[in-house]
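>>> what's the 3D shape of this:
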Amino acid sequence: MYFNIKSNQINFIYHFPICFIVLNYFQCRLMVILVTGLIIFGFLHGKETMVDILNYLLNKGDTHRTLFHNKTTLDKDNKWQNTYGSSAIDSEYLTFERTLHTNGILDEIIDPRTKFIVYDCSKARKDQNGGWSDRIAGIMTTFIISVLSKRKFLINFDMPCLLQDYVMPAHYDWRYNASLLVNRTSSYHNFKNAKHRIIAKYMFDGVDFNRFFKDDVIFLQMNWDFIADFRKRPNVAEDIPWITTYHQVDIYKHIHNFLFKLSPLSVRALHNFSTTQRRRKRIACAHIRRGNNPNMPKDVFRKALPLDPVWEVFDSLNKDEYDLFVASDSDSIKKKAKERFPDNIVDTPGKITHIDRPHTNDPTEGFLKQLLDFYIMIDCDILIVPNHTGFSKLAAFIRNKNYGMYCQQENNLVPCSRYTITDIFPRGKFGIKPTKK
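Numbers count the residues shown, from 1 in each chain. Predicted structure coming up:
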């Protein structure tokens, strides 16, 4: 069995006998057991997985591990950055990352022939982009299109504020810079909602995307998820093996953690929330969306779900063990929660603001507040998700727990998990699309 062992691995193996000189007998025995176990694991699971794990062990916390830009990571030991919006390295994630590197779109070398796909959520377009879940769904779809079209993936996001001020590149530098337009042609395409049908045959029928995308730099606006549709594309497994084998929510989780990590600004804000608000070990969260209301007068109307099922779950919890958090687009809902659970309710600072319809509020303050709400829900021990919103569904996709979830259907709360939420709520941007919009 042949392994493609790199220089740092050779140095590790070459210096292994020195342990018998500089380490005591018991430490050496432990090292022998660990290395033997790793070799056996490689024989059982394949050389690529073993080499990836060895690479990770040797490079942990050191670099972005051969991806796009080789930059030192922000303090890997930072508790808050590791807690929110990140997941442990596992063999599934390593396989996901390796396939991205293999197909060439993550190569560090950029030359005049390099072509790009850019998810565009910029002020330059003067168009609505939807809320956070619309934008993440659009980023996911654009990322998959970039893999299928073998183009570099970038994000141009400054609406209402610069994305990298709040979430930064994790293992791939997606930051757009206008200088790449020098001596390159470009074009803009709006495929939001049902407008994606313009390129349906390229997305789903297997026709080469580059027969439609003629220019060097393609700017896209998208806001729907098409994972289920991409799976029907002929021979899609040759380009994206994981799209046919991973669950939809795990694809979201892996791509999210591959692309994003919290910025120092967001880390500090979450640290402040934890130190000033949190008093108990566990936290239970509910998302309650009202739509058009005094806080969001320009939002669409949404059917109000009853509050009693949510309050009943909160009532049943041991108040000495649980803090309670309500993410909502309505101050009146937050007021009711505070009145009912005055000693346990915690909250994030700032005014409630829809990031695409800020009304008179400060959009940057509103952007940080909704981002804090999102990452708090990712880390909740109990999460209640309503039917008619993508915000908490997306948090459920990315959370690290597969338990402690309820899906609200009218008067009922149904126990659910990351893997069943789209079965219970099959329609919307992450599932069955409307026929006309």
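>>> pLDDT score assigned to the residue positioned nearest the centre of the chain?
Centroid-nearest residue in the chain, with C-alpha atoms, centre = their mean: His256, separated by 2.4 Å. For His256, the pLDDT comes out at 96.
>>> my guess is it contacts Ala395, does it?
No: contact between His256 and Ala395 fails when scored by C-beta atoms under 8 Å: they sit 10.5 Å apart. Backbone N, C-alpha and C define where each C-beta goes, glycine included.
>>> Pop the domain breakdown of the protein in here.
Domains of the chain are assigned by automatic domain parsing as 7-59, 91-262, 265-424.
>>> Just the strands from the stretch 101-250 of the chain, written as ranges.
For the stretch 101-250 of the chain, applying DSSP state E, counting those that start in this stretch gives strands covering 116-121, 152-157, 167-169, 186-190, 217-221.
>>> For the first one, list the C-alpha coordinates in PDB.
What follows is strand 116-121 as a C-alpha-only set of coordinates in PDB (Å, rounded to 0.1, in the frame of the first residue of the first chain):
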ATOM      1  CA  PHE A 116     -14.500  33.600 -11.700                       C
ATOM      2  CA  ILE A 117     -18.000  33.200 -10.300                       C
ATOM      3  CA  VAL A 118     -18.900  35.900  -7.800                       C
ATOM      4  CA  TYR A 119     -21.900  35.800  -5.500                       C
ATOM      5  CA  ASP A 120     -23.100  39.400  -5.600                       C
ATOM      6  CA  CYS A 121     -24.800  41.100  -2.700                       C
END
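>>> what comes into contact with it?
For strand 116-121, the external contacting residues (C-beta atoms under 8 Å, 6 or more residues apart in numbering) are 129, 135, 138-139, 142-143, 145-146, 149, 151-159, 163, 176, 180, 188, 213, 216-222.
>>> Of those, keep whichever come out buried.
The neighbour-count test (16 or more other C-beta atoms under 10 Å) marks 129, 135, 138-139, 142-143, 145-146, 149, 151-157, 159, 163, 176, 180, 213, 216-222 as buried among the contacts of strand 116-121.
>>> quick one: the helices in the stretch 51-200 of the chain?
Using DSSP state H, counting those that start in this stretch, the helices of the stretch 51-200 of the chain run over 79-83, 91-102, 132-149, 200-204.
>>> And the ones you listed: which comes nearest Ser263?
Nearest of the helices of the stretch 51-200 of the chain to Ser263, taken as C-beta to C-beta: helix 79-83 at 9.3 Å.
>>> average model confidence for the closest one?
Throughout helix 79-83, pLDDT has a mean value of 51.
>>> still on that earlier bit, dump the domains of the chain into CSV; add distance to Gly431 as well.
Below are the domains of the chain laid out as CSV (distance: least, C-beta to C-beta, whole Å):
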stretch, distance to Gly431
domain 7-59, 32
domain 91-262, 8
domain 265-424, 5
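>>> So for Lys433, which of these sits nearest?
Nearest of the domains of the chain (C-beta to C-beta): domain 91-262, 6.3 Å.
>>> Now do the end-to-end distance for the closest one.
Length of domain 91-262, first residue to last, C-alpha to C-alpha, to the nearest Å: 23 Å.
>>> before we move on, back to that, lowest average pLDDT across the domains of the chain?
For those, mean pLDDT drops lowest on domain 7-59, to a mean of 49.
>>> first to last residue in stretch 143-162, what's the distance?
19 Å.
>>> check contacts around Leu317.
If you count contacts by C-beta under 8 Å, 6+ apart, Leu317 has them with 284, 324, 382.
>>> Can you report how many residues neighbour the second one?
For Leu324, the tally of surrounding residues (other C-beta atoms under 10 Å) stands at 26.
>>> Put together JSON lines for the helices of the stretch 51-200 of the chain, with distance to Met377 on each row.
Below are the helices of the stretch 51-200 of the chain laid out as JSON lines (distance: least, C-beta to C-beta, whole Å):
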{"stretch": "helix 79-83", "distance to Met377": "13"}
{"stretch": "helix 91-102", "distance to Met377": "21"}
{"stretch": "helix 132-149", "distance to Met377": "11"}
{"stretch": "helix 200-204", "distance to Met377": "30"}
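>>> Could you point out which of the contacts of Leu317 is nearest to Asn361?
Leu324 (24.9 Å).
>>> ok, now which ones touch the closest residue to the closest one other than its chain neighbours?
Of all residues not flanking Leu324 in the chain, Asn344 sits nearest, at 4.5 Å (C-beta to C-beta, 6 or more residues apart in numbering). Contacts for Asn344 were tallied using C-beta under 8 Å, 6+ apart; they are 280, 314, 319, 322-324.
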